[in-house]
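A.B. asks: requesting a structural model of the entry that follows:
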Amino acid sequence: ECRELGLREGLLMQKEEELLTRGERLTIMCVGESGTGKSSLISSIFTVPVGASKPSRTRNICETVLSLQSDGVPLTVTFIDTPGYGDDIDLQRDYSRICKCIDQRFEKTFQREQNRYAEDDDRHRLPYPVDVVLYFISPHRFKGVDVEFMRQIQGRASIIPILSKADTMTKDELDEFRSLVTTRLAEEGIDYYQGPYAVIGAPYLNMTWADDSDSRRNYQEKEKAKAGGAGRHYPWGTAHGEDESHSDLPALRRRLVTQGLTDLRRECNEHYRLYREAALHKRRGWRGLVRNVGRFCVAHTIAAIAWGYRPDGVMEAEDRVKYRLLGLVRAVGHCIEGVR
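C.D. replies: Below is the predicted model of the structure:
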């Protein structure tokens with residue numbers, strides 16, 4: 001065993017300097033039925049207002065970038081809000097829209113990787129793949145469309161099922177519903193990262209939507225000074241989002257930001273690796289197809305010349321054409337297999 005070289009301290013110091021300089025990032029996509037409180041939950045997790053001053057339905061996929069500071073570390077959170085599947089009659093269109101958004105971020109990462117002349121700083125400006133999808137399930141209702149949505153997302157990003165508006169269910173109802181969701185996901189073969197988490201995503205406990213923008217900007221300070229944090233008032237009491245006996249919000253925050261960020265990044269890298277392998281295989285298939293088409297054209301030209309000027313070499317030229325054509329057919333077959 002070699003003598004102490006200060007390796008541990010040196011590496012930790014370098015890692016800390018890089019972390020403080022470049023910070024960390026997290027990309028969250030929220031998917032689910034309309035009216036399940038997707039934006040409100042993000043506001044509750046990171047204790048900052050997100051979205052419009054008045055609650056409204058999301059009509060298009062939109063991104064919100066939050067630049068935060070946590071323990072001196074810059075944290076960039078990209079929140080991707082998606083339209084609820086109840087807003088469109090065509091569910092297949094909803095599936096493809098969400099999956100296309102995830103795949104496009106994979107593709108941009110892949111293109112950036114293939115660009116050998118890209119600056120190193122570009123890695124921090126271009127979109128990153130989706131780290132996690134929070135899938136919102138309406139209280140008392142776990143439908144077949146929810147299963148199918150998660151089936152489409154599975155393999156593209158890590159999924160965390162969210163039982164939204166947990167305060168609308170009693171404790172017994174919540175336990176029964178959680179068990180139902182867990183059992184159904186297992187039966188359908190849906191692979192998810194963690195959960196389900198039953199949350200109360202209502203950040204503006206002591207504020208109304210009529211409050212002015214200055215009050216909204218002071219929201220974080222108000223929440224820190226107020227006991228109980230996020231929640232909802234009822235005539236019979238208050239449901240506190242930060243109380244773990246009422247809501248899994250603190251556990252979800254820990255899983256996303258502190259305890260599970262490295263695991264999420266590892267799973268995201270694995271999903272990107274699979275996408276990258278498929279993209280490279282597809283690219284090789286098309287390159288092979290183009291190469292064989294070129295060879296076929298050359299062979300065809302040779303045959304035409306031989307037919308016109310060398311009658312004795314026609315048979316040999318035709319054999320070459322047949323050989324090249326057979327290679328072309330095989331290449332097309334491999335290419336179609338790669339696309340599937």
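
A.B. asks: which stretches of the stretch 151-300 of the chain have low pLDDT?
C.D. replies: Along the stretch 151-300 of the chain, the parts satisfying pLDDT under 70 run over 202-230, 285-300.

A.B. asks: again, only this time at 50
C.D. replies: 204-213, 215-217, 219-221, 223-228 (pLDDT under 50).

A.B. asks: show me where it has its strands.
C.D. replies: Ranges of strands in the stretch 151-300 of the chain, per DSSP state E, counting those that start in this stretch, are 158-163, 197-198, 231-234, 237-240.

A.B. asks: out of these, which gets nearest to R184?
C.D. replies: strand 158-163 (10.3 Å; Cβ to Cβ). Any C-beta I mention is one placed from the backbone N, CA and C, and that applies to glycine too.

A.B. asks: and of the strands of the stretch 151-300 of the chain, who's closest to D263?
C.D. replies: Nearest of the strands of the stretch 151-300 of the chain (Cβ to Cβ): strand 158-163, 8.5 Å.

A.B. asks: quick revisit: between the strands of the stretch 151-300 of the chain, which one is nearest to R265?
C.D. replies: strand 158-163 (9.9 Å).

A.B. asks: which of the residues in the closest one are buried?
C.D. replies: 158-163 (16 or more other Cβ atoms under 10 Å).

A.B. asks: what does that strand rub up against?
C.D. replies: For strand 158-163, contacts defined as Cβ atoms under 8 Å, 6 or more residues apart in numbering pick out 32, 36, 41, 131-137, 139, 150, 153, 174, 177-178, 181, 185, 190-199, 252, 255, 264, 267-268, 271.

A.B. asks: got a markdown table for the strands of the stretch 151-300 of the chain, with distance to T170 too?
C.D. replies: Shown next, in a markdown table, are the strands of the stretch 151-300 of the chain (distance: least, Cβ to Cβ, whole Å):
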| stretch | distance to T170 |
| --- | --- |
| strand 158-163 | 13 |
| strand 197-198 | 12 |
| strand 231-234 | 13 |
| strand 237-240 | 12 |
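
A.B. asks: what's the closest of those to T47?
C.D. replies: Of all the strands of the stretch 151-300 of the chain, strand 231-234 comes closest under Cβ to Cβ, at 13.1 Å.

A.B. asks: buried residues, that closest one. List them.
C.D. replies: 231-232.

A.B. asks: so in that sheet, which strands flank that strand, and in what orientation?
C.D. replies: The sheet places strand 231-234 alongside strand 237-240 (antiparallel), with pairing taken from DSSP bridges.

A.B. asks: mind listing what's buried in the strand it pairs with?
C.D. replies: For strand 237-240, using 16+ other Cβ under 10 Å, the buried residues are 239-240.

A.B. asks: do stretch 64-80 as well
C.D. replies: 66, 68, 75-80.

A.B. asks: kindly report the same for stretch 131-145.
C.D. replies: By neighbour count on 16+ other Cβ under 10 Å, the buried set for stretch 131-145 is 131-139, 142.
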